[in-house]
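# What would the 3D arrangement of this be:
(2 chains, ligands or ions: 2)
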Amino acid sequence: MFVYSDNAATTKMSKTAMDTMFSMLEEVYGNPSSLHTAGQTARERLEEARKTVADCLNADEREIYFTSGGSEADNQAIISAAKAGERKGKKHIISTKIEHHAVLHTLERLEKQGFEVTLLDVGRDGIVKVPDLEAAIRPDTALVTVMFANNEIGTIQPVAEIGNICRSKGIIFHTDAVQAAGHLHIDVKAMNIDMLSLSAHKFHGPKGVGALYARKGTALTSIIDGGAQERGKRAGTENVPAIVSMAAAFKEACGNIDKNAGYVIAMRDRLIAGLEKIPHSVVNGDRENRLPNNVNMCFEGIEGESLLLMLDAKGIEASSGSACTSGSLDPSHVLLALGLPHEVAHGSLRLSLSEYNTPEEMDYIIEKVPGIIEYLRNMSPVWEELESGRREHFID
Amino acid sequence: MLYSEKVMDHFQNPRNVGKMEDADGVGEVGNAKCGDIMKMYIKVDDEGIISDVKFNTFGCGSAIATSSIATEMIMGKRIEEALTLSNKAVVEALDGLPANKLHCSVLAEEAVKAAVKDYYDKRGIAYDEKLFAPGGGSCCETPLDDCELRPEDIHIKPARQ
Ligand SMILES: Cc1ncc(COP(=O)(O)O)c(C=O)c1O
Ligand code: FES
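Ligands and ions are numbered 1, 2, ... in the order given. Okay, here's the model as predicted:
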């Protein structure tokens, strides 16, 4: 059996998205900035796509800017809000310890430029505490950026509450909704969101394309200079086939949120129930406020990369927050933020599902994982220490 | 594929996995915090020849593969010869490792040395301390490191049996 269960990393394109992309590539090759018919046809399709994306978020089409993906949208949103704040003498930014690196590294760069950044802790459940956020707000706070849902542990953050607080205090609120878009209901008006990032390849659209929503009146700084595309906020000839394909995928995903969620949640919970039976295992992140597709667990005494390689040999494709898989030296900053010790965080497994998975595949995973864990534990000196009592179990 | 066929073979079919109750030398290197621990057991006969080797490893695919091949490379060798096993030889025997995995091979070299050192200590055999200068192969031990480990946390730890 072959099971692709790494949908938080990227998804397979939907039939709709692919058909749209192919027909665009074949037929609509004009440059939207050109005056002739071919150019204007491309312009029309581009603007239709903008309207589609806006409708899915309850935004206005003039509030949508196409980008090369989630990372660029995050960079531009944060840099724009920082520059706008700086002009008013506000140089404080609030975010969380569990953001994606596209946010964290942008914030690090701003810190070097004299901004002050407060990174909020999360609880053991992987959710930001709203009172902590309120307490962190200062008169010079220019921006609050908190992700909609976490990419590793799937926890859904209290976005509407945070939006409400920020709006009442006149602070710009950005949310990285890369993992949420197309999977959870998003209403930028009702949730008081000023800026939002999304990326097509997380909802069965193409890679390398995304969008930034910026509420009317939110000043944007362009980070790529050149032509006047995207109302002067993002230079470069638009990737029209990818953008139109993204819009098709987004519309499809948003139209099926409840249907897909019901189906995927059932598989997620089946998988968790099956894997939880493994001794000394723990589910990371809140079980309720969680993306429908996310399973993230730690298994004591093993290291994630070897687990992934063994799963891959059985046709199961997943991911891990172990340092050894990423080439970085520390395990996932998200798992560490939950308060897990390094050695436990190394033994993490993320399985992220989609509506293309089946319950049979879940049973296959449940059948294969325990044996692999046992095999790896049997050759693990850490497990030996845990079992002999020389090292204390962290997970019961 | 990230790894060579040789690495995958040793990862998927590791040689000499296990523990040894009556080992003559046991070495443990690495740090669980870094995600890598290798434990090497050796049996040495009266001629000073390594007659049996076993290993246990907590770590990535490359850590398991380097331990496995290191056991093969010292099996049947004289103890002095085992001491000359270099991480470079381990990498070559595996047809190479990705750059960010090279330290796993250092760990394998250190594990062998730690086991030999333990054997010398147990038998009361005198040796040159310089032979066992800590190398530092753990994941956290690479120069670009930002892992908040202190050097004394890593390196060769006396094996606890
Ligand atoms: C939460 C989050 N933010 C940002 C990104 C970056 O998106 P992209 O790969 O489109 O640049 C990702 C995915 O990789 C993500 O999961
Ligand atoms: S044990 Fe971490 S990279 Fe090999």
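# in the stretch 201-350 of chain A, which spans are helices?
Shown for the stretch 201-350 of chain A, the helices assigned by DSSP state H, counting those that start in this stretch span residues A:240-255, A:257-275, A:304-313, A:323-326, A:333-337, A:342-345.
# what's the domain layout of chain A?
By the record's domain assignment, chain A is partitioned as A:3-10+A:256-388, A:15-255 (automatic domain parsing).
# wait, which of the ones you listed is closest to residue B:85?
Counting by Cβ to Cβ, residue B:85 lies closest to domain A:3-10+A:256-388 out of the domains of chain A; the figure is 19.9 Å. All C-beta spots, glycine's among them, are computed from the backbone N, C-alpha and C.
# now the closest one: how far from the chain's centre is it?
Per Cα atoms, centre = their mean, to the nearest Å, the displacement of domain A:3-10+A:256-388 from the mean C-alpha position of its chain is 17 Å.
# In this structure residue B:122 contacts residue B:24, no?
Yes: counting by Cβ atoms under 8 Å, residue B:122 does reach residue B:24; the two are 6.7 Å apart.
# hmm, stretch B:108-118 touching ligand 2?
No: judged by Cβ under 6 Å from any ligand atom, stretch B:108-118 and ligand 2 are separated, with a smallest distance of 10.4 Å.
# avg pLDDT for that stretch?
Averaged across stretch B:108-118, pLDDT comes to 95.
# Kindly state which of the domains of chain A is positioned closest to ligand 2.
The closest of the domains of chain A to ligand 2 is domain A:3-10+A:256-388. By Cβ to the nearest ligand atom, the value is 3.3 Å.
# The closest one and chain B in contact?
Yes: against chain B, domain A:3-10+A:256-388 shows contacts by Cβ under 8 Å from any Cβ of the partner chain at A:301-303, A:305-306, A:309-310, A:313, A:322-325, A:327, A:329-331, A:341-343, A:346, A:379-384.
# just the buried members of those residues?
A:301-303, A:305-306, A:309-310, A:322-325, A:329-331, A:342-343, A:346, A:379-384 (16 or more other Cβ atoms under 10 Å in any protein chain shown).
# Of all the domains of chain A, which one is nearest residue B:73?
Per Cβ to Cβ, nearest to residue B:73 of the domains of chain A: domain A:3-10+A:256-388, 18.6 Å.
# so does stretch A:215-231 get close to ligand 1?
No: counting by Cβ under 6 Å from any ligand atom, ligand 1 has no neighbours in stretch A:215-231; the shortest distance is 13.5 Å.
# Strands of chain A, residue ranges please.
For chain A, applying DSSP state E gives strands covering A:3-4, A:64-67, A:92-96, A:116-120, A:141-145, A:172-176, A:195-199, A:210-214, A:281-283, A:294-299, A:316-317, A:348-352.
# could you dump the top helix by length along chain B to CSV, C-alpha only?
The helix spanning the most residues in chain B, taking DSSP state H as the definition, is helix B:102-123. C-alpha atoms of helix B:102-123 as CSV (Å, rounded to 0.1, in the frame of the first residue of the first chain):
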residue,chain,number,x,y,z
LEU,B,102,29.1,13.3,8.6
HIS,B,103,29.1,13.7,12.3
CYS,B,104,27.2,10.4,12.7
SER,B,105,30.4,8.7,11.3
VAL,B,106,32.5,10.6,13.9
LEU,B,107,30.2,9.2,16.5
ALA,B,108,30.8,5.7,15.2
GLU,B,109,34.6,6.1,15.5
GLU,B,110,34.1,7.5,19.0
ALA,B,111,31.9,4.6,20.0
VAL,B,112,34.5,2.1,19.0
LYS,B,113,37.2,4.1,20.8
ALA,B,114,35.1,4.4,23.9
ALA,B,115,34.5,0.6,24.0
VAL,B,116,38.3,0.0,23.6
LYS,B,117,39.1,2.5,26.4
ASP,B,118,36.6,0.7,28.7
TYR,B,119,38.2,-2.6,27.8
TYR,B,120,41.7,-1.2,28.7
ASP,B,121,40.4,0.3,31.9
LYS,B,122,38.7,-3.0,33.0
ARG,B,123,41.8,-5.0,32.2
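# helices or strands up against that helix?
Helices and strands touching helix B:102-123, by 3 or more Cβ pairs under 8 Å, 6 or more residues apart in numbering or on different chains; DSSP states H and E, are strand B:25-31, strand B:36-44, helix B:61-74, helix B:79-83, helix B:87-93.
# Output these as CSV; include the columns distance to residue A:156.
CSV is the format used below for the helices and strands packed on helix B:102-123 (distance: least, Cβ to Cβ, whole Å):
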stretch, distance to residue A:156
strand B:25-31, 35
strand B:36-44, 34
helix B:61-74, 33
helix B:79-83, 55
helix B:87-93, 45
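# Serialize these to CSV and add fields for mean pLDDT.
Converted to CSV, the helices and strands packed on helix B:102-123 look like this (pLDDT from 0 to 100):
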stretch, mean pLDDT
strand B:25-31, 94
strand B:36-44, 96
helix B:61-74, 96
helix B:79-83, 94
helix B:87-93, 93
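# Just send those back as a markdown table, with mean neighbour count and distance to ligand 1 too.
Output for the helices and strands packed on helix B:102-123, formatted as a markdown table (neighbours: other Cβ atoms under 10 Å in any protein chain shown; distance: least, Cβ to the nearest ligand atom, whole Å):
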| stretch | mean neighbour count | distance to ligand 1 |
| --- | --- | --- |
| strand B:25-31 | 26 | 30 |
| strand B:36-44 | 27 | 27 |
| helix B:61-74 | 27 | 23 |
| helix B:79-83 | 18 | 46 |
| helix B:87-93 | 18 | 32 |
